[in-house]
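A.B. asks: 3D model of this:
(3 chains)
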Amino acid sequence: MEQIGNMIGWETVKMVVGLVGVLVFVVLNALILTWAERKVAGHMQRRIGPKEVGPYGLIQPIADALKLLGKEILTPREVDKPLYYLAPMIIFVPVLVSFVVIPFDASLQVMDINVGILVILAFSSLSVFSILMAGWGSNNKYALIGAIRSIAQNIAYEIPLLLALLPIIMMTNSFSLKSIVEAQHGLWFVVYQPFAFLIYFIAGVAETNRTPFDLPEAESELVAGYHTEYSGMRFALFFLAEYTNIFIVSAIAVTFFLGGYQGPFLPGIIWFLLKSYLLVFVIMWLRWTYPRVRFDQLLNISWKALIPLSFINLLITGGLLKL
Amino acid sequence: MVERIKAELGATLKETPVGEADYRERGYHLFAEVASADLLNVARFFDERGFYLAALICVDYKEYLELVYIFSNHASLCKVKITLKIDPAKPVAPTISTVFDCAYWHEREIREFFGVSFDGHPNMTYLFLHEGIDFYPLRKEKIPVSDEDKKALGAFRPGEGEDTFFVNLGPQHPSTHGVLRVVLKMDGEYIEDAQPVLGYLHRMHEKMAENRSYLQFLPNTGRMDYLGPMAFNLGYVTAVERLCGIPVPDRANYVRVILTELNRLSSHLMWLGAYLADLGALTPFLFVFDDREEINDILEPVTGSRLTYCYFRFGGLYNDVDDAFVAGTRAFIERLRSRFSLYEKLVGGNVIFTNRTRGIGVITKERARKQAVSGPVLRGAGIPMDIRKSEPCAAYGEMDFDVPVGTRGDALDMYQVRIREMENALNIIEQALARLPEGPIMTEKAPRKLKPPKGDLYHTVETPRGELGIYIVSDESDKPYRMKWRVPSFSNLMIFPELAKGNLLADAVAILGSLDLVIPEIDR
Amino acid sequence: MVCLGERGVCLEKEVFPVKFAVVEKVLDLARANSIWPMTFGLACCAIEMMSTAMSRFDLDRFGAGVFRATPRQADLMIVSGTVTKKMAPVLVTLYEQMPSPKWVLAMGNCAISGGPFVFEGQYNVIEGVDLLVPVDVYVPGCPPRPEALLEGFLKLEEKITGKRRFPGPESRW
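C.D. replies: Numbers count the residues shown, from 1 in each chain, chains lettered A, B, ... in the order given. Below you'll find the predicted structure:
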């Protein structure tokens, strides 16, 4: 073992093991979240949700996944084949990379890069390419409109997202996620930066295309948006990526504002997952409560409200730090 | 009003006499037959006096085709029937779509079903039917569609421009609530033009009416508007009663009001849920269905069905309501009142909802009149017109309720009008329950076989969606000679193209939702 | 004659080239427990279809509550209402757009046989959707109650797996 380790370097072994772990986690997370989403939706809507398939309907996501796996792999005739094939695969890459730098626990982190948050932000903006590819490649008007909406939305909301994280980076003088978590040993940053937290959270919900910002896949307008023409496993990959993105947005919020894995009594990983899933629940709660905003309103919220607010917040933080 | 219009119309028409009809028997006050040269003048005459074109009907009398124009007024009760005889061998009539915009759609309908061509109409293409049907369905004799006509009818082709593309909203689309198809010409996300294409659920109700006896046609009424079948039932039953002069016992009238209002509640609730689903909020849909099921629980033991009710009979009711019904209804009223505050908090007070609907799809009073919209849409536009008030049938005349109107005429107003109408409906039900008289529910004078006297009748009732007009022509047989349904959704939909123009796709969906359409009713 | 559209999509493509009895069985079990219907309401029956998915009857209990608006992601087409001649080509196209394995449930008398709208001289109604697409389960009624539609779903599950989820009424006597 040690020999192999020395031969290719411990870092590589750690990396491979970590990636496998991340993959398992991603799939498990998506399975749990689809089940949770349906259960949460059910209980908010005065019904039960999945119940008959396994105890409390727990087997339901597995049945769904197997069914999607067993579906005919259908390629519409008019699609742009390379783009159509590649889109669902590409949407998955940034999702995986983001997990590599997230500290689940003090020692449970695949790689502590000193520019961790930059890696996440850089890769997460890649997912918009895949949505564009899916929308354009599908040769479907609904899909195309969905893709266009998605791009405008992602560009608009990436800015406040970053601007909301910057004050924290200024406060800790570090891009490394682990040192940011360690810096919150006393008080969580949400206490110092409540506005930044709110802005980040709103922008994060928008980045994951969830209600009230689910315009790219608005069912009542665009049927299914950019993945209208996708079926079976390809559709499942989009689904998987969506739920993983929700988790990542929540996980970064926890890391930056809610003390990450820190907490009394329980082990760090439990605290981390608890906090993350609590935020995921809030995102679901939003989805099953609010209507959808309109396209121009969506952009107005970002350009006219969130970006100026986050700038002001940044200036104040900078000023206070200088003092 | 009637006297004044009679004198003025007589002066305009000169030679042709203006007759006065018995309103209680015929449903209109004045009638006149005009020559086709005079028609446009008459249309302008009514336009200047603030009338709207309630219905445009074609009847095939074999020797001649007759076009019937019903003009009506929002402000005071005055209905005028104008008829125009045309030669069936060469059926041509002048269009009045230049004066009344809603005639544009009615004339297209008549073109397909009767083969009457309208001079000067800009677009005489298929609206309901399609190329596969090679005769004029509502003509009494089977007259084939000539190839020339077919070509003209099938000429509708969406043409794309340089910077525009087409989106078919429907027939299978989540926000069209059925099988409506709207061809949208889009420039990016903005709509340049919207063309509804109908007939995906054309179920030949009007043709069926000519093939069945009056009683046999009764179940069809519930299937036309499946969300508000009681009102359609009520309209048909009262129309036939009016035609045959059948009296209705008091108790039956009160029960009719209660059930119709309960059904109006369930229809409006359904609209509320579906509208919010259009705007992206799915949960209210399930909440309102919960309330709807409660209504079904009340109605089902009485009527025997959950959806397509067929409960009213000519001269009374199918069976009597019992104490359990009264108690259940009272309990439901309490329940729904407490739920309204919840809806108000969740929906009416929601910033996203109000921002999505305020200032969207604004209908002015003038446009509402020209397009002959009715019901909550008309009231949302600010015109206090409710047929329950102006022409009360059943026991509506004895009920005390107000007519809510909007101030801005936008989608938010439509929402508020409907919410207040629901509260009104609760009040009406309470009043009717308190005064519910004892007695028989079925008149003893109802004849076994209905053979109404010769003549016609235009009868209107207020359905959850607006003015339902039933035009029946009787030839003394047990089957109607012609039955035309002037349905509210059809007229309400027709204002959609102009509302959608220049708006975002998302707004178009919001506007379409605010009109509260039921597709089988449009297509008939 | 109804035009079925230009594109003939290959419907019965084998998902697995090699047949494994166990795998097939597991997949069938998964399919039966995750029937996603298409958001496709035609007429009156569509309201009862919605009722079935709503709070009181909750179709999602059986994992069948995920209504997909696009046929590409749906497994089941519930034909809930009258199919007219104008609608027929659309319906067939939608069916062809669904990836197999796929099922069709004819809900209500109109979809089964044209229902009350069949009379001499009728010119616009398809007398039974099985003239257009193969139908797996028929649910009669005008409209069928939500319980009837639920039973239709159970029948479809039975058809897929060969086993019934709950004991049927016939087992009582």
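A.B. asks: residue ranges with poor pLDDT in chain C?
C.D. replies: Where chain C drops to pLDDT under 70, the residues are C:1-20, C:168-173.
A.B. asks: who in it is up against chain A?
C.D. replies: C:7, C:9, C:13, C:15, C:26-27, C:29-31, C:33-34, C:39, C:54-56, C:58, C:60-63, C:65-66, C:68-70, C:72-73, C:75, C:99-101, C:165 (Cβ under 8 Å from any Cβ of the partner chain). For glycine as for every other residue, the C-beta is placed from the backbone atoms N, C-alpha and C.
A.B. asks: Verify the contact between residue C:141 and residue C:109 for me.
C.D. replies: Yes - contact criterion Cβ atoms under 8 Å: residue C:141 and residue C:109 qualify, at 6.9 Å.
A.B. asks: Can you report how many residues neighbour residue B:119?
C.D. replies: Neighbours of residue B:119 under the rule other Cβ atoms under 10 Å in any protein chain shown: 9.
A.B. asks: Find me whatever residue is spatially closest to the one residue in the stretch 401-524 of chain B that gets nearest to chain A, sequence neighbours aside.
C.D. replies: Distances between the stretch 401-524 of chain B and chain A by Cβ to the nearest Cβ are smallest at residue B:506, namely 4.8 Å. Leaving aside its chain neighbours, residue B:506 sits nearest to residue A:294 (4.8 Å; criterion: Cβ to Cβ, 6 or more residues apart in numbering or on different chains).
A.B. asks: number of nearby residues for that neighbour?
C.D. replies: 25.
A.B. asks: Check it and give its pLDDT.
C.D. replies: At residue A:294, the model reports a pLDDT of 85.
A.B. asks: Who are the contact partners of residue C:72?
C.D. replies: Neighbouring residues of residue C:72 by Cβ atoms under 8 Å, 6 or more residues apart in numbering or on different chains: A:74, A:224, A:228, A:229, A:230, A:231, A:235, C:97, C:98, C:99.
A.B. asks: Which ones among these map onto helices?
C.D. replies: A:235, C:97 (DSSP state H).
A.B. asks: Include neighbour count and distance to chain B when you put the contacts of residue C:72 into TSV, please.
C.D. replies: Shown next, in TSV, are those (neighbours: other Cβ atoms under 10 Å in any protein chain shown; distance: Cβ to the nearest Cβ, whole Å):
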residue	neighbour count	distance to chain B
A:74	18	18
A:224	24	9
A:228	26	11
A:229	28	15
A:230	27	17
A:231	25	16
A:235	22	17
C:97	22	10
C:98	27	12
C:99	22	16
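A.B. asks: so which one among the contacts of residue C:72 has the lowest pLDDT?
C.D. replies: residue A:224 (78).
A.B. asks: hmm, back to that, right, and the residue nearest to residue B:506 touches residue B:505 too?
C.D. replies: No - look at residue A:294 against residue B:505 with Cβ under 8 Å: they stay out of range, at 9.6 Å.
A.B. asks: Pull the contacting residues for residue B:466.
C.D. replies: B:373, B:374, B:375, B:376, B:377, B:378, B:488, B:489, B:491, B:492.
A.B. asks: May I have the phi/psi pair for it?
C.D. replies: Dihedral angles of residue B:466 (phi, psi; degrees, to the nearest 10) stand at phi 140, psi -150.
A.B. asks: could you list every residue that touches the closest residue in space to it that isn't next to it in sequence?
C.D. replies: Using Cβ to Cβ, 6+ apart and skipping residues adjacent in sequence, the residue nearest residue B:466 is residue B:375, 2.4 Å away. By Cβ under 8 Å, 6+ apart, the residues touching residue B:375 are B:462, B:463, B:464, B:465, B:466, B:467, B:488, B:492, B:516.
A.B. asks: again, but for residue C:119
C.D. replies: B:208, B:211, B:212.
A.B. asks: give me that answer again for 6 Å
C.D. replies: Applying Cβ atoms under 6 Å, 6 or more residues apart in numbering or on different chains, we find residue C:119 in contact with residue B:211.
A.B. asks: for residue B:379, same thing?
C.D. replies: Counted by Cβ under 6 Å, 6+ apart, residue B:379 has contacts B:405, B:417.
A.B. asks: Same question for the one 5 residues further on.
C.D. replies: For residue B:384, the contacting residues are B:403, B:405, taking Cβ under 6 Å, 6+ apart as the criterion.
A.B. asks: In three-state terms, label it for me.
C.D. replies: coil (DSSP: H, G, I helix; E, B strand; the rest coil).
A.B. asks: Now the phi/psi pair for it, please.
C.D. replies: The phi/psi pair for residue B:384 (degrees, to the nearest 10) is phi -80, psi 80.
A.B. asks: What is the neighbour count of residue B:200?
C.D. replies: Neighbours of residue B:200 using other Cβ under 10 Å come to 30.
A.B. asks: correct me, but it touches residue C:88?
C.D. replies: No - using Cβ atoms under 6 Å, residue B:200 makes no contact with residue C:88, being 9.8 Å away.
A.B. asks: what about the chain, any weak spots by pLDDT?
C.D. replies: All of this refers to chain A. Ranges of chain A meeting pLDDT under 70: A:1-8, A:108, A:110.
A.B. asks: Sorry, I should have been clearer: chain B.
C.D. replies: Using pLDDT under 70, chain B drops low at B:155-162, B:176.
A.B. asks: Is any residue of the longest helix out of those in it near chain A?
C.D. replies: The residue-count maximum for a helix in chain B (DSSP H) belongs to helix B:250-278. Yes - interface with chain A: helix B:250-278 contributes residue B:278 (Cβ under 6 Å from any Cβ of the partner chain).
A.B. asks: about what we covered before: any chance of the contacts of residue B:375 in CSV, plus secondary structure and distance to residue A:168?
C.D. replies: Listed next are those as CSV, based on DSSP: H, G, I helix; E, B strand; the rest coil; distance: Cβ to Cβ, whole Å:
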residue, secondary structure, distance to residue A:168
B:462, strand, 61
B:463, strand, 59
B:464, coil, 54
B:465, coil, 55
B:466, strand, 57
B:467, strand, 62
B:488, helix, 58
B:492, helix, 54
B:516, coil, 49
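A.B. asks: quick one: which of those is nearest residue B:30?
C.D. replies: residue B:467 (19.1 Å; Cβ to Cβ).
A.B. asks: Would you confirm that the closest one contacts residue B:373?
C.D. replies: No - Residue B:467 is beyond contact range of residue B:373, at 9.1 Å (criterion: Cβ under 6 Å).
A.B. asks: wait, what's in contact with the closest residue to chain A within chain B?
C.D. replies: Nearest residue of chain B to chain A, counting by Cβ to the nearest Cβ: residue B:280, 2.8 Å away. By Cβ under 6 Å, 6+ apart, the contact set of residue B:280 is A:211, A:291, A:292.
A.B. asks: repeat for residue B:494
C.D. replies: B:102, B:105, B:371.
A.B. asks: Once you drop chain neighbours, what's closest to the second one?
C.D. replies: Closest residue to residue B:105 in three dimensions, ignoring its sequence neighbours and counting by Cβ to Cβ, 6+ apart: residue B:494, at 4.9 Å.
A.B. asks: Brilliant, that's me finished.
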